[in-house]
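[1] here is my input, please return the structure:
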Amino acid sequence: MGIKTGLCSYGMSGRIFHAPFIESHPGFELSAIVERTKDESKARYPNTRILRSIDDLLKDDSIELIVVNTPIQTHFEFVSAALKAGKNVVVEKPFTVDAKEAQALDDLAKEKGLLLSVYQNRRYDGDYYSIRDVVNQGLLGEIVEVEMRFDRYRLHFSGKTHKEGSLRGAGVLHDLGAHLIDQALQLFGWPEQVFGDIRILRGGEVGANDYFEVLLYYPRLRARIKSTVVARESDHAYVLHGLKGSFLQSRSDMQETKLDKGAVPTIEPWYPAPTQPDGILHTEINGEVVRKETTSGAGNYMGYYDDVYKCLKEGKPNPVPASDAVKTMKIIDAALESAAKGRLVAV
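    Presented below is the predicted three-dimensional model:
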């Protein structure tokens, strides 16, 4: 029998990033989905029960794992309730609205002896794998300057108040920044100081930041993390400069697009790697200057759920422990403080 799993919502996140992977992985059973008024999941998952409230999900003693993929403003309440009900939890990023909530949930999970994992699927992007490999192999020498960005183009209010309204936790800093900050911390570790420039570029009903630039200060390295929703044209998503060379990588992983069209993922690579070069490596290898185009490999978000399965059933490490997300939230808090005060903030 697979791990009986319940999904708290069947919105975009549930439909694209969670339900297909839980259903397709042989180690899980998609037992229940919460849909308050609709039955949209029934067409694709006819054998999965539809529940009308998260309370009903929490009361189901058969459910072992709950995926909290509701708006960020509800994460603290629902994750707390799930842990207190004795459930293991996967929670969507951004983890919480601030580091205080994040730390409280991490502490509660440890107290209860339960899994609390944060869904950082972008760790499983093919383009990120390329960046990670270049860093881990030391191909650029000491890395001293980095820019990482995640841009979109959307001029009008999306209608999603929890993402673009004036609520705490709304805005691209929490939404997309959580991915970039997590990747920067994975690659380069903990910085010494943070500077944030955070703004609202669009008018109208938009009440949350839709542009940010966050600088992470290390002893020599400067990592610049950026996002805007008014980029009709965007450059390389990752630019790394080291004392030996440079690496430029485009954002090329298209898993989300395929999943949105109904693709069925598998544990084995199910989405092909790019067929055209998506990166440039210009460095020195064995005393010889090399400049070449590179092509990233295939990513697979199923790797996250496979790692969760191995954590619960085989005692392997939590793929994205809550403590990692606490660090991300501390950087976000520091960036907001920096932007408000107009100065560097020590972390």
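
[2] so which bits of stretch 20-30 are buried?
    20, 21, 22, 23, 24, 25, 27, 28, 29, 30 (16 or more other Cβ atoms under 10 Å). Any C-beta I mention is one placed from the backbone N, CA and C, and that applies to glycine too.

[3] not counting the lowest-mean-pLDDT helix or strand in the chain itself, show me its contacts.
    Of all the helices and strands that make up the chain, helix 161-164 has the lowest average by mean pLDDT, DSSP states H and E, namely a mean of 92. With Cβ atoms under 8 Å, 6 or more residues apart in numbering as the test, helix 161-164 has contacts from 71-73, 157-158, 167, 169-171, 175, 205-208, 210.

[4] element containing the nearest residue to residue 197 once chain neighbours are set aside, please.
    Leaving aside its chain neighbours, residue 197 sits nearest to residue 213 (4.5 Å; criterion: Cβ to Cβ, 6 or more residues apart in numbering). Assessed by DSSP states H and E, residue 213 sits inside strand 211-217.

[5] state the mean pLDDT of that strand.
    Across strand 211-217, the average pLDDT comes to 98.

[6] now do stretch 50-63
    Averaged across stretch 50-63, pLDDT comes to 98.

[7] assign residue 80 to helix, strand or coil.
    Counting by DSSP: H, G, I helix; E, B strand; the rest coil, the backbone at residue 80 sits in helix.

[8] from residue 324, how far out is it?
    To residue 324, residue 80 is 19 Å away according to Cβ to Cβ, to the nearest Å.

[9] which of those two has more neighbours?
    residue 324 (21 against 17; other Cβ atoms under 10 Å).

[10] gap between that one and residue 88?
    According to Cβ to Cβ, residue 324 stands 17 Å off from residue 88.

[11] assumed residue 339 was part of a helix.
    Yes. Under three-state DSSP, residue 339 sits within a helix.

[12] next, count neighbours for it.
    Look at residue 339: counted by other Cβ under 10 Å, it has 21 neighbours.

[13] surely it and residue 211 touch.
    No. Assessed by Cβ atoms under 8 Å, residue 339 is found out of contact with residue 211, at 10.9 Å.

[14] overlap of the contact sets of these two?
    Residues touching both residue 339 and residue 211 comprise residue 198, with contact defined as Cβ under 8 Å, 6+ apart.

[15] can you give me the helices in the stretch 101-250 of the chain?
    126-136, 161-164, 172-175, 177-188 (DSSP state H, counting those that start in this stretch).

[16] off-centre distance for the least confident helix or strand of the chain?
    Centroid separation between helix 161-164 and its chain, computed with Cα atoms, centre = their mean, to the nearest Å, is 17 Å.

[17] ok, now stretch 105-113?
    For stretch 105-113 - counting by Cα atoms, centre = their mean - the centre lies 21 Å from the chain centre.

[18] what does it rub up against?
    Contact with stretch 105-113 is made by 76, 79-80, 83-84, 86, 89, 95-96, 115-116, 321-323, 325-326, as judged by Cβ under 8 Å, 6+ apart.

[19] quick revisit: contact partners for the residue nearest to residue 197?
    196, 197, 198, 224, 225, 226.
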